[in-house]
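In: Build the 3D model from these lines:
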Amino acid sequence: MNKLSADYLVIGSGAVSMTFVDTMLDESDATFIIVDHHHLPGGHWNDAYPFVRLHQPSASYGVASRRLGSDRIDESGSNKGYMELASGAEVSAYFEQIMRERFLPSGRVQYFPMCDYKGDGKFTSLLSGKQFEVAIEKKTVDGTFFQTSVPSTHKRKYETGENVVCITPNELPRRASEFRHFTVVGAGKTGMDALVWLLDNGADPDKMRWICPRDSWLINRETTQPSAEFFEQAIGGFAHQLEAFAAASSVDDAFARLEDTAQMLRIDKSVWPTMCHYATISHGEIEQLRRIKNVLRQGRVSRIDENEITFTSSETAAAKPGTLYIDCTATAVAFSRESRPIYEQDRITIQPVRSPLVTLSAAIIAYVEARFETDAQKNQMCTPVVLADTPAEYMVSFLGNMMNQNAWSQDDAVNKWVGTCRLNAFGKIVREADRSDPAKMKILARIKENAMPAAMNLQKLINEDAA
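Out: All right, here's what the predicted structure looks like:
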């Protein structure tokens, strides 16, 4: 047993773990040991499909100390006119650079890739079998709470019959040319990505099928642009949300209002969505997806045979032999899972405190860890916010964000740090807004006017929905 020591033992080198350590390097003199089973930092980005991109602009992702991307505006494709979205390869390279150029040269970080964490400060090398035990001076940091699942590491929950070809999106670029008929299984953003990739590369929409158990409310990417030139769409969009939540009479009414002001989008106007996973999409992607007319909504699949698809509801649908099935049913993250206190004696469990911005959340958790003494003080500043599965839970999440923001505003140092953090790009937009511009001042006034009514009505609607 090889003996090691550090102030913090960090489990996982995914985005939230990397962001936590990055902030702690600036805000403390602590030392760290990072353990991960992947061969490179970045967590699930190591397993991502080759055409994956961030949902949100690159400027809102990564660690606080270094920009991701160049704040470029895309000039072509379905994201035209909006800020760049980093590819999976770009994100992976970014986190590797952070490790190689910032963490390891600091002399305060030890990194153990290709290792299996056993608990109680012990881990084992997957290559040599060598065992390690860490004397943890302060805390273990759990960066695995999100339980991120991607298609290449996910075990699908339905069976496939003989002669059925069912692949992950990782294999799609290599296998697509062998087929003319395609069926994507899965209603989430991965399924949408696979469909858009096929359409962008010339697949015939009339020969495509989408098995979509639940339709989703989608965040309009125009409202997520962290740039002063998008002040009306981004900050004005937040004002629209507050007004919707302040005036709504029900969950459905709230989302109807959000749709009326283009805060939320849906693909099929004839279907009322029951899912809301923060998937963020452009109008260009929406238009591509609307080209697919053959959408199956019988529920989840239990089996796919050459001539028939069987659903868990026992309903069936005819299948076409020679179809390529693309499995996109991985759940991405553990939506709506039960939270636990973030700070617990000798443990920190990284969870959203500004949902769904997980890296900003990790940075805030690190700053609060470095600044405050007791777990009670820290937990008062950082209450976990649910990662929503449904529209009602989106409202719970929105209210949780507001409550945390209010807690941060009570401490001048925390409020200033959160407001100026690179990952809080909207804070910068508001901070640098031209106070002589009446249109911008009107938007800020709407936010101030509707914040309290929105919070009060959200609590009322959430209680009514839960009853």
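In: Quick one: mean pLDDT for stretch 402-421?
Out: Throughout stretch 402-421, pLDDT has a mean value of 96.
In: shaky segments in the chain?
Out: By pLDDT under 70, the low-scoring segments of the chain are 332-337.
In: Can you tell me how far the residue sitting nearest the centre point of it is from Tyr278?
Out: For the chain, the residue sitting closest to the mean C-alpha position, by Cα atoms, centre = their mean, is Pro356 at 5.7 Å. Between Pro356 and Tyr278 the distance is 4 Å, computed by Cβ to Cβ, to the nearest Å. For the C-beta atoms, the positions are set from N, CA and C on the backbone; glycine is no exception.
In: swap in Val16?
Out: From Val16 over to Tyr278 (counting by Cβ to Cβ), the distance is 16 Å.
In: Compare these two (neighbour count), which wins?
Out: It is Val16, of Val16 and Tyr278, that has more neighbours when counted by other Cβ atoms under 10 Å, with 29 against 21.
In: Not counting sequence-adjacent ones, nearest residue to the more buried one?
Out: Nearest residue to Val16 in three dimensions, chain neighbours excluded: Ala362, at 4.0 Å (Cβ to Cβ, 6 or more residues apart in numbering).
In: what residues are up against the one you found?
Out: Ala362 sits next to Ala15, Val16, Ser17, Thr19, Phe20, Thr23, Gly143, Ile350 when contact means Cβ atoms under 8 Å, 6 or more residues apart in numbering.
In: where's the third one, which helix or strand?
Out: Following DSSP states H and E, one finds Ser17 within helix 15-27.
In: how about that helix: buried residues?
Out: Buried residues in helix 15-27, counted by 16 or more other Cβ atoms under 10 Å: Ala15, Val16, Ser17, Met18, Thr19, Phe20, Val21, Asp22, Thr23, Met24, Leu25, Glu27.
In: you'd agree the second one is up against Thr359?
Out: Yes: at 6.4 Å, Val16 and Thr359 qualify as touching, with contact defined as Cβ atoms under 8 Å.
In: shared neighbours of those two, anything?
Out: In contact with both Val16 and Thr359: no residue, using Cβ under 8 Å, 6+ apart.
In: Contacts only, for Cys276.
Out: Applying Cβ under 8 Å, 6+ apart, we find Cys276 in contact with Ser216, Trp217, Ala388, Asp389, Thr390, Pro391, Glu393, Tyr394.
In: Surely Ala234 is in a helix?
Out: Yes: counting by DSSP: H, G, I helix; E, B strand; the rest coil, Ala234 falls inside a helix.
In: from what I can see it touches Gly427, true?
Out: No: proximity of Ala234 to Gly427 does not meet the contact threshold set by Cβ under 8 Å, at 11.2 Å.
In: more neighbours, those two?
Out: Ala234 (21 against 18).
In: Who are the contact partners of that one?
Out: Thr223, Thr224, Gln225, Pro226, Ser227, Phe426, Ile429 are the contacts of Ala234 under Cβ under 8 Å, 6+ apart.
In: Kindly recompute the last result at 7 Å.
Out: Thr223, Thr224, Gln225, Pro226, Phe426, Ile429 (Cβ atoms under 7 Å, 6 or more residues apart in numbering).
In: And Ile447, by the same measure?
Out: Phe238, Ala239, Leu242.
In: what about it, which SS state?
Out: helix.
In: all helices of the stretch 251-400 of the chain, in order?
Out: 251-260, 283-289, 358-371, 375-381, 391-409 (DSSP state H, counting those that start in this stretch).
In: Which of the ones you listed sits closest to Gly81?
Out: helix 283-289 (8.9 Å; Cβ to Cβ).
In: Put the alpha carbons of that closest one into CSV.
Out: Extracted as CSV, the C-alpha positions of helix 283-289 are listed here (Å, rounded to 0.1, in the frame of the first residue of the first chain):
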residue,chain,number,x,y,z
HIS,A,283,-34.2,27.9,-34.5
GLY,A,284,-32.1,26.3,-37.3
GLU,A,285,-32.0,23.0,-35.4
ILE,A,286,-35.7,23.2,-34.8
GLU,A,287,-36.4,23.6,-38.5
GLN,A,288,-34.3,20.6,-39.3
LEU,A,289,-36.1,18.4,-36.8
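In: So what touches it?
Out: By Cβ under 7 Å, 6+ apart, helix 283-289 touches Ser78, Asn79, Lys80, Met192, Leu195, Val196, Leu199, Leu265, Ile267.
In: which parts of that helix are buried?
Out: For helix 283-289, by 16+ other Cβ under 10 Å, it's His283, Gly284, Glu285, Ile286, Gln288, Leu289.
In: Tell me the secondary structure of Met452, please.
Out: Following three-state DSSP, we place Met452 in the helix state.
In: so how far is Glu75 from it?
Out: Taking Cβ to Cβ, one finds Met452 at 42 Å from Glu75.
In: Kindly report the same for Ser409.
Out: From Ser409 across to Glu75, the span is 39 Å (Cβ to Cβ).
In: between these two, which one's more packed in?
Out: Neighbour count, other Cβ under 10 Å: between Ser409 and Glu75, Ser409 has more, with 12 against 8.
In: Give me the nearest residue to that one, chain neighbours excluded.
Out: Asn415 (5.0 Å).
In: Phe316 against Ile309, yeah?
Out: Not Phe; residue 316 is Thr. Yes: using Cβ atoms under 7 Å, Thr316 is in contact with Ile309, at 6.5 Å.
In: Between these two, which has more neighbouring residues?
Out: Ranked by neighbour count (other Cβ under 10 Å), Thr316 and Ile309 place Ile309 first, with 24 against 15.
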